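Engineer: Below is the structure, and that's it, no one-letter string:
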């Protein structure tokens, strides 16, 4: 029960997020005021939370909103990260601020961290590591990261989960579920947005992030799928030192892509890195359907040749002297072996590289959705706004008041406006965010995976332009799309695909005679029927019946009035009675019509 005493303090905190940080007007328009008990009041009408006259003040409130999420705990931090992928829920300035949400919190004492490591790995710290830094490199809401060195001298980072974090998150998620169900039933936003689905997405995200084995598999999988890009470095997981609560990986030493000095851009050409990074992401999205959903600049490092760093699969394959490879003993070892086998023959030794870290947040795309996304990206790059709108309508869920013609015109306008910009102005991620926002306003609910794609492309823009301000991901999309279409055509003509088509055709020819015979038998016996499924037909017939009843009642009333008027000169009492009956019938009809029409509106 949402309004039970145990939830009242949390409801107060949740309502406070709206009343104190500039979102009261927005919440009122969406119907969220129904969430608050009577003792909690929303702010005044002027508190809209939108960028109006005082832009700086609105920015400050958005920053305060982000900081308050961190104060409320890890579940609220992750909720803010999910909301940063949903521009259909919050004003743009708040979404923009949540994009920079960091969950840095106070550090856990090193004794608890060491106790967790020893319990999970089954040995004392001095036996596990040659050295272990007691000062954390980072302290987040779910875990804490320490630098260490293995007994063989390899530098690593050890990510350790906070004690009792699972129990705390389970209680918060139960509360979010109650709020989502209430919002779905009692708010206007619940009619257009899958609130329960958002909470389920949050639950899936947290379930993955709380099991470090999932992150380990993600890292190993990306290391394999990106092995063909010699300038991209994915740190290797140290499998023997990793469990569900402890994750050990090779240490990356580099410069955050957002902090690369200007002098480095003069000395080195980072454009090939930007191009390779963009194409690698497009390959993850369009071919593998599994991509890093949070490639923000803080998770991408520029690794210079003079810095000591792990080797890429291409470099390890070039140094490999063993001709007969050992059979892998674990799934992660098999992925590493495949990465080296698939690695590019051009190792990037002595050249700058890009390193990716933090693989807890990833997204998966179904084959059907992947095909649509490829079409949408190509249509965006080629200024085909009508085709973009048609593809979005096909994958979306439209409400009853959705106007497809107006929506198509609006999407075509957005695509054309962005296509006419110069290369340095185009933002692929921002365009998709704008399309998603307009889709929501028009009454078209799009899959949550599309917002994750927008987030990934938005960060792809940021990383690419940090490396080269003149780089255009749109050009990379166009080039990669043509390559993808050619590969798809070759796949359709492959012997395996031809065999599949032949098998399907054989199955059709096998059942076709029986089906034709059955149809002709029913046709000859007059037993062939046609069923038309029209969901609105019944309501239309009911409306026509109501109109016919009203017309018939009007004709009867009109006849009664004429008859009464004709009787008045001869039988005055009978004529007067007729007028009284006609007046009563008329009043009843008018009142009944008004009541029924009002009931239909509500």
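Structural biologist: Noted; the coordinates are in hand. All of these numbers come straight from a predicted model, not from anything done at the bench. Residues are numbered from 1 along each chain as shown.

Engineer: How far away from the center of its chain is stretch 397-414?
Structural biologist: Relative to its parent chain, stretch 397-414 has a centroid offset of 20 Å by C-alpha atoms, centre = their mean, to the nearest Å.

Engineer: Tell me where this structure has strands.
Structural biologist: 129-132, 138-139, 143-150, 155-161, 232-233, 246-250, 255-256, 290-292, 300-303, 353-356, 362-364, 397-398, 444-445 (DSSP state E).

Engineer: taking those together, which one is wrapped up most tightly?
Structural biologist: strand 232-233 (a mean of 26; mean count of other C-beta atoms under 10 Å). All C-beta spots, glycine's among them, are computed from the backbone N, C-alpha and C.

Engineer: Counting by contacts, list what that strand packs against.
Structural biologist: helix 271-283, strand 353-356 (3 or more C-beta pairs under 8 Å, 6 or more residues apart in numbering; DSSP states H and E).

Engineer: What's the mean pLDDT across the longest one?
Structural biologist: I take that to be helix 271-283. Throughout helix 271-283, pLDDT has a mean value of 87.

Engineer: same thing with the shortest one?
Structural biologist: What strand 353-356 shows for mean pLDDT is 91.

Engineer: helices or strands up against it?
Structural biologist: Using 3+ C-beta pairs under 8 Å, 6+ apart, strand 353-356 is in contact with strand 232-233, helix 271-283, strand 300-303.

Engineer: Which among the helices and strands packed on strand 232-233 is found nearest to residue 300?
Structural biologist: Closest approach to residue 300 among those is made by strand 353-356 (5.9 Å; C-beta to C-beta).

Engineer: ok, and what's touching the closest one?
Structural biologist: By C-beta atoms under 8 Å, 6 or more residues apart in numbering, the residues outside strand 353-356 that reach it are 222, 231-235, 252, 254, 257, 273, 276-277, 292, 295, 299-303, 309, 312.

Engineer: returning to that earlier point: export the strands of the chain to a markdown table and append columns for distance to residue 551.
Structural biologist: Below are the strands of the chain laid out as a markdown table (distance: least, C-beta to C-beta, whole Å):
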| stretch | distance to residue 551 |
| --- | --- |
| strand 129-132 | 89 |
| strand 138-139 | 76 |
| strand 143-150 | 73 |
| strand 155-161 | 73 |
| strand 232-233 | 74 |
| strand 246-250 | 76 |
| strand 255-256 | 76 |
| strand 290-292 | 62 |
| strand 300-303 | 72 |
| strand 353-356 | 72 |
| strand 362-364 | 58 |
| strand 397-398 | 35 |
| strand 444-445 | 39 |
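
Engineer: nearest to residue 109, of these?
Structural biologist: So among these, strand 143-150 is nearest, using C-beta to C-beta, at 10.0 Å.

Engineer: what angle separates the closest one from strand 246-250?
Structural biologist: 50 degrees (axes from the mean of the first three to the mean of the last three C-alpha atoms, to 10 degrees).

Engineer: as a whole number, average confidence for strand 143-150?
Structural biologist: Here the average pLDDT along strand 143-150 is 93.

Engineer: now the stretch 501-602 of the chain, which segments are flagged as low pLDDT?
Structural biologist: 501, 504-505, 508, 528-540, 597-602 (pLDDT under 70).

Engineer: and what of the stretch 1-150 of the chain?
Structural biologist: Looking at the stretch 1-150 of the chain by pLDDT under 70, you get 1-8, 18-19, 24-56, 85-89, 102-105.

Engineer: now the helices: where do they sit in the stretch 201-350 of the chain?
Structural biologist: Counting by DSSP state H, counting those that start in this stretch, the stretch 201-350 of the chain has helices at residues 212-225, 262-267, 271-283, 313-319, 331-342.
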